[in-house]
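Enquirer: My questions are about this predicted structure, shown below with the sequence.
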Amino acid sequence: MDPNLIRQIVEAALLAAPQPLTLAQLAGLFPEDEAPPQGSLQQAIDELREACEGRGVELVEVASGYRFQVKAEVHAWVARLWTERQAKYTRATLETLALIAYRQPITRGEIEQIRGVAVNTNTIKQLEEREWIRVVGHRDVPGKPALFGTTKAFLDYFGLKSLDELPPLAELKDIPELEPQLPFDTITPAGVAGAAMADDTPSNDEAGEEDAAPEQMQ
């Protein structure tokens, strides 16, 4: 099969797909009697990635597969096309997400113990609805509390292939220390999509409960 045609099909599929595509999903686009030669899809990916040098978009691999995305250098200009109001998150939400990302699997009670304040149910619900976290099991203690971990959607949003690509804690900025040995500052990896995550003012439904000590909660 013509390598140029394979590259065109891969490029068109990645542009048309609403989510990242894996090599297996790309291979599924071809009939069995016209299967691309072994290694040709990866070669097409590599050539497309190289072709993006000097352009405003890039081809990247994230947890769910490959996708085209706007380069960070031009994101501020292109973002003006998106009229939908970006969701903003409170500091409490960011701290909770950071703890789940770096300490997973972790229970709500352990998050409260580290932060020193109660976790609002709406905070967990918001992160679950965004599909950034999920229940990955239950701690084998009385009450069997849920254990939370991050999802592929979380990795995709921040442009990561795996949790190993999270920045070292020492490189993080802006969120105060949660405890002396855990200097969290921000959960925005390498500046990716950081604009949507910058709101320190608690919303009405989070103010109050988030600031109460866990032992004071009913």
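Expert: Yes, it's here.
Enquirer: Now do the contacts for Gln42.
Expert: Contact analysis of Gln42 by CB atoms under 8 Å, 6 or more residues apart in numbering lists Leu23. Bear in mind the C-beta positions are built from the backbone N, C-alpha and C, glycine included.
Enquirer: Contacts only, for Val135.
Expert: Each residue near Val135 by CB under 8 Å, 6+ apart is listed here: 146-148.
Enquirer: can I get those residues in CSV with distance to Gly28 and secondary structure?
Expert: Below are the contacts of Val135 laid out as CSV (distance: CB to CB, whole Å; DSSP: H, G, I helix; E, B strand; the rest coil):
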residue, distance to Gly28, secondary structure
Ala146, 35, strand
Leu147, 34, strand
Phe148, 33, strand
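Enquirer: Filter the residues you listed down to the buried ones.
Expert: 146-148 (16 or more other CB atoms under 10 Å).
Enquirer: Show me the shaky parts of the protein.
Expert: Within the chain, the segments meeting pLDDT under 70 span 84-87, 169-218.
Enquirer: got a markdown table for the buried ones among the contacts of Val135, with distance to Leu48 too?
Expert: A markdown table is the format used below for these (distance: CB to CB, whole Å):
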| residue | distance to Leu48 |
| --- | --- |
| Ala146 | 41 |
| Leu147 | 39 |
| Phe148 | 36 |
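Enquirer: shouldn't Leu97 be in contact with Ile133?
Expert: Yes: counting by CB atoms under 8 Å, Leu97 does reach Ile133; the two are 7.2 Å apart.
Enquirer: which residues are common contacts for the two?
Expert: Contacts common to Leu97 and Ile133, judged by CB under 8 Å, 6+ apart, are Leu127.
Enquirer: Check which residues of the strand or helix carrying Asp46 are buried.
Expert: Per DSSP states H and E: Asp46 is located in helix 40-51. Across helix 40-51, burial judged by 16+ other CB under 10 Å covers 40-41, 44-45, 47-48.
Enquirer: thinking again about what came up before, tell me which of the buried ones among the contacts of Val135 is nearest to Val57?
Expert: If you rank those by distance to Val57 using CB to CB, Phe148 comes first, at 33.6 Å.
Enquirer: Quick one: residues contacting the closest one.
Expert: 100, 104-108, 124, 133-136.
Enquirer: try it again with 7 Å
Expert: By CB atoms under 7 Å, 6 or more residues apart in numbering, the contact set of Phe148 is 100, 104-106, 133, 135-136.
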